[in-house]
Structure formats: structure tokens, C-alpha cells
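Participant: sharing a sequence plus its predicted fold:
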Amino acid sequence: MPKHLIVLSHGWFGNAGHLDNLVKDLQANIKDAYILNITNYPGSFTFDGADVCGEKAVAEILKHSEDILTVSFIGYSQGGLILRYAIGKLYNLGFFKRVEPLYFITYATPHCGTIGKPKTFGAYVFVGLQNMFLYRSGRQFGLTDSFLDKRPLLEVMADPQHCFYKGLALFKRRIALANIQKDRSVSWETAFISHTNPFKEYEAKPLDGYPSIVTASDTKIQPKKKTLSFYLNWALFFALLPVLFPLWLVLATSILGYQSIKSRLRFLNRGAVVPVLEETSTKEIEGDAFGSVDLMLPDLEPRHYIIEQLNKLTWTKISVCLDAFNAHAAIVRRNRKDDLFADINAYVIKEIVNDFE
């Protein structure tokens, strides 16, 4: 029987297949470990919220933890939040009294929510659409939900008085990876758990042997001269915008709206339940399935609180710079068949492999 359990969780609107490359890399380098890539909340089930998915993760973990000596967690995007919730529930169950927690690792996880207080019209629209179409997860991402005592879930999970923080604090190491550019889903600040972003002012310096891993250099970013192709690209963009944007909007709202309705129907039909914080039981959702849409805007205070509290724990934080159209997918080499960006997993595995020997 394997001595180590490594639990993986995909992100919002994703599936376990998104982490296939990570699973292969772990299996090739870490022996005597069982890799549990959770599969029981795919696609629209992630709309139900990190707490509901976290309860499902706990059930899977308990099924595969017999005779296990250590456990590690690796979460991608929303998967990191789901696993943080699961860790809290496992803490309450006394799981870590018999199983040693080793590593907690996140790839592009919105630890502090997806956006701060909106400053532009586009940001206001984003928050409204997020709350409307992503259902419970959207509210959790935007810090506009009310999980406990009118506090959002992510704030509660960062509170040292609660099980989520206590469980997270037990791990030997916590590692967070964040994209510095081209991640349109999760900003560097929220994945890196930081108030400020030095890469907005200073150039990125690659790490020797790991070109995708970067640190902020002492060289300030110099404004680039705009070429003719730059202006032509923008001209083409604005020329096509009146046609493409309405089509994109209809497609996006149709898909997300349909998935959101499916999630609401699960609650309405009692197919999903909202967990109770300090108990292992659950309770039914109260009047939330087809109630009015809450378009409230996030307050900055919970975000500041989350950053301050999580940073009281020791983290290894890794910045990633990828020349990819969608860095959020590329950071875990989602759906890639080649070795491009393979140095990211190689670097992470180098950091942890000694504890699995």
C-alpha cells in the first residue's frame, strides 16, 4: 500500500482531465504515492460553490486514506479554494491526528477573490455578471456571499479562529504559483496573496534552468514604442467589435446562464446542500435557488483581511511568466500534448520530492 496520498482538484467549470499532465509528472517522479485526482464535481457542479464541492472532496479523500501516513493537496484555480475548505472539514474530523499533512500547493488560485473594488465600468459589469451567471461560486469569487455571520466564505477561511486556517497551518509547506501576465481569470495579486504587484513596474528575470519561473528584477520596465502593426491591430479590433462582441455576449451568457440554472435546480430539488461550518452534517439551502439576483459590489476590507491573515503563515510563492494566449490554462499545461512549460511542474516537484523518499 502507498504511504503517501496526493490529492488534486481541478478548477471552476473544469474536469479532472485538466490535470492529466500534472498527474503524469507526479507519477513519474514520486514513488510510493497514490494520486487522487478528484472527479466528482465536474463542469457545472463547480457552480455550486467551493464549500459544496469541498464536502464532496472530503468524502473522496476519506475513501482513499486507509493506512496512509501523509497527505498533500494540489489545487488548480478554484480547486485550491475547494481543497482549503476540505482541509478545514478534515481538521474538524481529526483526520490530521493520524495523517501527517505535508504540502499544500496552489496553481493560479484566487485566494483573495477574483477582483477588488471595481474602478471602471467594465469592472462593475464583470462583478454583476459574475454574481448573476456563476451562481454561488461567482458570489464567493466576488466576496459578495454570506457564509457565516454575514462574512464571505473566503474571509471565514482566512480567519485563524476557524478550522480552515487551523488545518492549513498544520502543513509542512505551503506553495502558491501565480501568473504575472495573460491570466484573464485570476490576477497575480490574488494568486500570490499580495497587495501589490512588482511586475507592473519591474522587468521579470527568469530563473536559471527554469525559464517559466521568474522573479522581479531591479530594472524598471521601459515604455515600448508603438509600431504600425500595433495601431493596425487595434483598428481591426475596433472594426470587428460591433459584430463579434454581441455574438460573444450571447454565447457566453447562454452557456453560463444554462449552467447556472442547472446548479440552482440542484438546490431546488435538494440535489445539493449547503454545509454547516463546524459540523459534519449538512443543511438544506434556504430560499436561494431562484431568489433575486444580488448585484452587490465587493468591499475591499475582506480582501485586505484575507491577505494579512494568510500571510501570517509561511508560504513559498512562485511567479510564472508564460508567453501563451491563455496563461491560466498553460500554467498546468491543460490539454497540452508537448513539453512546453514543463519546467513549472519540474520546479515544483524538485521542491517537494525529497519528502516522499
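Facilitator: Now that the structure is in, tell me what you want to look at.
Participant: low-confidence ranges in the stretch 1-150 of the chain?
Facilitator: The model of the stretch 1-150 of the chain has pLDDT under 70 over residues 115-132.
Participant: let's test this: mean pLDDT of stretch 216-223, rounded?
Facilitator: Stretch 216-223 carries an average pLDDT of 89.
Participant: and for that stretch, what's in contact with it?
Facilitator: Around stretch 216-223, the neighbours that count as contacts under C-beta atoms under 8 Å, 6 or more residues apart in numbering are P198, F199, K200, E201, Y202, E203, A204, K205, S319. Every residue, glycine included, has its C-beta placed from N, CA and C.
Participant: of those, which pair is most distant in space?
Facilitator: The most widely separated members of the contacts of stretch 216-223, counting by C-beta to C-beta, are K200 and K205 (15.1 Å).
Participant: what about these two, which has more around it?
Facilitator: A direct count of neighbours by other C-beta atoms under 10 Å for K200 and K205 places K205 higher, at 15 against 11.
Participant: list the contacts of the more buried one.
Facilitator: Each residue near K205 by C-beta under 8 Å, 6+ apart is listed here: V214, T215, A216, S217.
Participant: try it again with 7 Å
Facilitator: For K205, the contact set (C-beta atoms under 7 Å, 6 or more residues apart in numbering) comprises V214, T215, S217.
Participant: and what of N15?
Facilitator: By C-beta under 7 Å, 6+ apart, the contact set of N15 is P42, G43.
Participant: hmm, try it at 8 Å
Facilitator: By C-beta under 8 Å, 6+ apart, the contact set of N15 is T39, P42, G43.
Participant: next one: C321
Facilitator: Per C-beta under 8 Å, 6+ apart, neighbours of C321: N179, I180, Q181, A204, P206, S212, V214.
Participant: isn't the second one up against F199?
Facilitator: So the one you mean is I180. Yes: I180 is within contact range of F199, at 4.4 Å (criterion: C-beta atoms under 8 Å).
Participant: overlap of the contact sets of these two?
Facilitator: Counting by C-beta under 8 Å, 6+ apart, the common neighbours of I180 and F199 are W188, S319.
Participant: which of the contacts of K205 sits closest to N335?
Facilitator: The nearest member of those to N335, counting by C-beta to C-beta, is V214 at 23.6 Å.
Participant: you'd agree that closest one is in a helix?
Facilitator: No: with the criterion set as DSSP: H, G, I helix; E, B strand; the rest coil, the secondary structure at V214 is strand rather than a helix.
Participant: burial measure for it, as a count.
Facilitator: The burial count assigned to V214 is 20, neighbours taken as other C-beta under 10 Å.
Participant: check which helix or strand covers the closest residue to it other than its chain neighbours.
Facilitator: The spatial neighbour of V214 that comes closest, neighbours along the chain excluded (C-beta to C-beta, 6 or more residues apart in numbering), is A204 at 3.9 Å. Under the criterion of DSSP states H and E, A204 resides in strand 202-207.
Participant: which parts of that strand are buried?
Facilitator: For strand 202-207, a neighbour-count test (16 or more other C-beta atoms under 10 Å) marks A204 as buried.
Participant: now it - C-alpha only, PDB.
Facilitator: C-alpha atoms of strand 202-207 as PDB (Å, rounded to 0.1, in the frame of the first residue of the first chain):
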ATOM      1  CA  TYR A 202       9.900  46.000 -12.900                       C
ATOM      2  CA  GLU A 203      11.000  43.500 -15.500                       C
ATOM      3  CA  ALA A 204      10.800  39.800 -14.900                       C
ATOM      4  CA  LYS A 205      14.000  37.800 -14.500                       C
ATOM      5  CA  PRO A 206      13.900  34.100 -15.400                       C
ATOM      6  CA  LEU A 207      15.400  31.500 -13.000                       C
END
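Participant: quick one: the helices in the stretch 101-250 of the chain?
Facilitator: Listed in chain order, the helices of the stretch 101-250 of the chain (DSSP state H, counting those that start in this stretch) span 121-133, 135-141, 153-157, 163-169, 188-192, 228-268.
Participant: kindly reformat the ones you listed as TSV and extend each row with distance to K24 and mean neighbour count.
Facilitator: Below are these laid out as TSV (distance: least, C-beta to C-beta, whole Å; neighbours: other C-beta atoms under 10 Å):
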stretch	distance to K24	mean neighbour count
helix 121-133	33	16
helix 135-141	28	26
helix 153-157	30	26
helix 163-169	27	20
helix 188-192	23	24
helix 228-268	29	13
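Participant: right, so of those helices, which gets closest to F356?
Facilitator: Distance to F356, taken as C-beta to C-beta, is lowest for helix 163-169 among the helices of the stretch 101-250 of the chain, at 20.4 Å.
Participant: the residue located most distally from the centre of the chain and Q222, how far apart?
Facilitator: Centroid-distance maximum for the chain: L228 at 38.2 Å, with C-alpha atoms, centre = their mean. Distance of L228 to Q222, computed by C-beta to C-beta, to the nearest Å: 20 Å.
Participant: then F325?
Facilitator: Distance, F325 to Q222, using C-beta to C-beta: 24 Å.
Participant: now swap in K166 and tell me
Facilitator: Separation of K166 from Q222 (C-beta to C-beta): 46 Å.
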